[in-house]
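[1] got a sequence here, can you model it:
(one chain, ligands or ions: 1)
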Amino acid sequence: MKIGIVCYPTHGGSGVVASELAIGLAKKGHEVHIISYATPFRLRTFYRNIFVHEIEVATYPLFKYPPYELSLVTKLVEIAETRGLDIIHAHYAVPHAASAYLARQILNSERLKTITTLHGTDITLVGADPSFQRVVKFAIEKSDGVTAVSRYLMQRTVEEFDIRREIRVIPNFVEIARPAQNRDLCSRETLAPRGEKILMHASNFRPVKRIADVVRIFARVRERIPAKLVLIGDGPERLFIQQLVRELKLNADVQFMGEQDQLEALFLCADLFLLPSEQESFGLTALEAMNCGVPVIATAIGGLPEVITHGETGYLFPVGDVADMAASAVALLTDPARHALFRAQARKRAEEFFDADRIIPLYEAFYEEILRS
Ligand code: GMT
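    Coordinates of the predicted model:
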């Protein structure tokens, strides 16, 4: 198949999933065209069968807001025509699903199909905003196929947008072999020179991630056991979090790593991953941590219970329950036998349910089904 994948190039989960899907499809011989405003960070090396097309967004003094979605439509029309695309697969509904719809209308092609994958905030935060709601609903209804990354997100979309069509659940996935390829890059001694326990968090540092809770959980853990906190990522909350770390006098034990392209190299050093988000449609970083054999303490919200099994691969608590999250972290980190069991179970769950080799064929089968319909 010839597949055009539209995605954001940044470190967010939707761009990661789109890039990894492109790599998986290209390996299986499909021709994949990535359409994005920059090269997604995971596609900066050359892959056979992957072609990256950057969208040039026209600016003009009249435009306070350059019309990205229209430049995207133009690029989609050009690529679909010149490369003979079978499918345009839009990752993140806003505005990609609407742009894909418009491109297909312009091309007036029976053959070309559009698929939208919903990732989370495109439904729960951005898409539900009154300024986008009607367009998102329309674009979901008009896509030839729609997928959601968790059962939670599928149900939430149906309720929020009163959707009556099928939304196929295809969960996010990980490359099972990747941790082994990165094993030598991990250096525990650098992050925790006195053998302290290593807690980690990775995100886009937005309020929805509740990183202040990460810091407060860590503060309680460190009162009980020697520990270090590694914070990966960047975003609007970073300065506030740095201030909180200073106020709690944790500077010496908290390391800000900024954005990282390959999380596995760091996750392999971790003893515990923290994800106390207010909303999370899936929690890709939690799965990436589990793939490295790291148990996760998270909130029992959104799609996280579909990824993390409470009491087996980590623990789930209500949003803001810092005390219980910290207590369970201490209990797990001070019980070597249970910690080793959770590590093994986390990795096993990633392997059994979220292996790229199992999930990418679900996308292929969905493409084929849509092309036949
Ligand atoms: O986490 C974010 O806010 C970024 C966002 C994105 O689209 O990049 O993440 C969403 O999509 C990820 C990939 O499917 C999911 O793993 C995240 O759970 C989801 N984020 C939220 O729902 C808050």
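
[2] look up phi and psi at whichever residue of the stretch 51-200 of the chain sits closest to the ligand.
    Sorted by distance to the ligand under CB to the nearest ligand atom, the residues of the stretch 51-200 of the chain start with Gly120, at 2.5 Å. To be clear about C-beta, it is placed using only N, CA and C from the backbone, and glycine gets the same treatment. Per-residue torsions, Gly120: phi 150, psi -80 (degrees, to the nearest 10).

[3] any idea of the pLDDT on it?
    Gly120 carries a pLDDT score of 95 in this model.

[4] now the strands for the stretch 1-150 of the chain?
    Counting by DSSP state E, counting those that start in this stretch, the stretch 1-150 of the chain has strands at residues 2-6, 31-36, 50-54, 87-91, 113-118, 145-148.

[5] in its sheet, what does the fifth one sit against?
    When sheet partners are counted by DSSP bridges, strand 113-118 sits next to strand 87-91 (parallel), strand 145-148 (parallel).

[6] residues contacting the shortest one, please?
    Residues outside strand 145-148 that contact it (CB atoms under 8 Å, 6 or more residues apart in numbering): 113-118, 140, 154, 157, 165-170, 281, 363, 366-367, 369-370.

[7] about what we covered before: okay, the strands paired with strand 113-118, which one's buried deepest?
    strand 87-91 (a mean of 29; mean count of other CB atoms under 10 Å).

[8] residues contacting Pro305?
    Leu316.

[9] and it, that one's in a helix?
    Yes: secondary structure assignment (DSSP: H, G, I helix; E, B strand; the rest coil) places Pro305 inside a helix.

[10] quick check: pLDDT value at it.
    98.

[11] could you do Asp162 as well?
    Reported pLDDT for Asp162: 95.

[12] what do you get for Thr59?
    Looking at Thr59, the pLDDT reads 88.

[13] report all helices and strands that the worst-scoring helix or strand of the chain on mean pLDDT contacts.
    Within the chain, no helix or strand scores below helix 178-182, which has a mean of 87 by mean pLDDT, DSSP states H and E. Where contact means 3 or more CB pairs under 8 Å, 6 or more residues apart in numbering; DSSP states H and E, helix 178-182 is packed against helix 264-267.

[14] just checking, what packs against the helix it packs on?
    Checking 3+ CB pairs under 8 Å, 6+ apart, helix 264-267 ends up next to helix 178-182, strand 197-203, helix 284-291.

[15] of these, which stretch is the most buried?
    helix 284-291 comes out most buried of the helices and strands packed on helix 264-267 by mean count of other CB under 10 Å, with a mean of 27.

[16] I'd like the average pLDDT over that helix.
    98.

[17] list the helices and strands the next helix-or-strand element following that helix packs on?
    The helix or strand immediately downstream of helix 284-291 is strand 296-299, counting by DSSP states H and E. Judged by 3+ CB pairs under 8 Å, 6+ apart, strand 296-299 is in contact with strand 272-275, helix 284-291, strand 314-317, helix 322-333.

[18] so for the ligand, which of these sits nearest?
    helix 284-291 (3.5 Å).

[19] quick one: the closest one to strand 197-203, angle?
    150 degrees (axes from the mean of the first three to the mean of the last three CA atoms, to 10 degrees).

[20] what's in contact with helix 284-291?
    13, 16-17, 172-176, 178-179, 200, 202-203, 263-264, 267, 270, 273, 275, 296, 298, 304, 307-308, 313-314, 346-347, 349-351, 354.

[21] got a ChimeraX select line for the buried ones in those?
    Only the buried members of the contacts of helix 284-291 enter the following ChimeraX selection, criterion being 16 or more other CB atoms under 10 Å:
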select :13,16,17,172,173,174,175,176,178,179,200,202,203,263,264,267,270,273,275,296,298,304,307,308,313,314,346,347,349,350,354
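
[22] follow-up on the earlier one: of the contacts of strand 145-148, which ones also sit close to the ligand?
    Subset of the contacts of strand 145-148 in contact with the ligand: Ser281, counting by CB under 6 Å from any ligand atom.

[23] sort out for me which of the contacts of strand 145-148 are in helices.
    140, 154, 157, 363, 366-367, 369-370 (DSSP state H).

[24] now pLDDT too, for these, in a markdown table please.
    Output for the ones in helices among the contacts of strand 145-148, formatted as a markdown table (pLDDT from 0 to 100):
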| residue | pLDDT |
| --- | --- |
| Ile140 | 97 |
| Met154 | 98 |
| Thr157 | 96 |
| Tyr363 | 98 |
| Phe366 | 98 |
| Tyr367 | 98 |
| Glu369 | 98 |
| Ile370 | 98 |
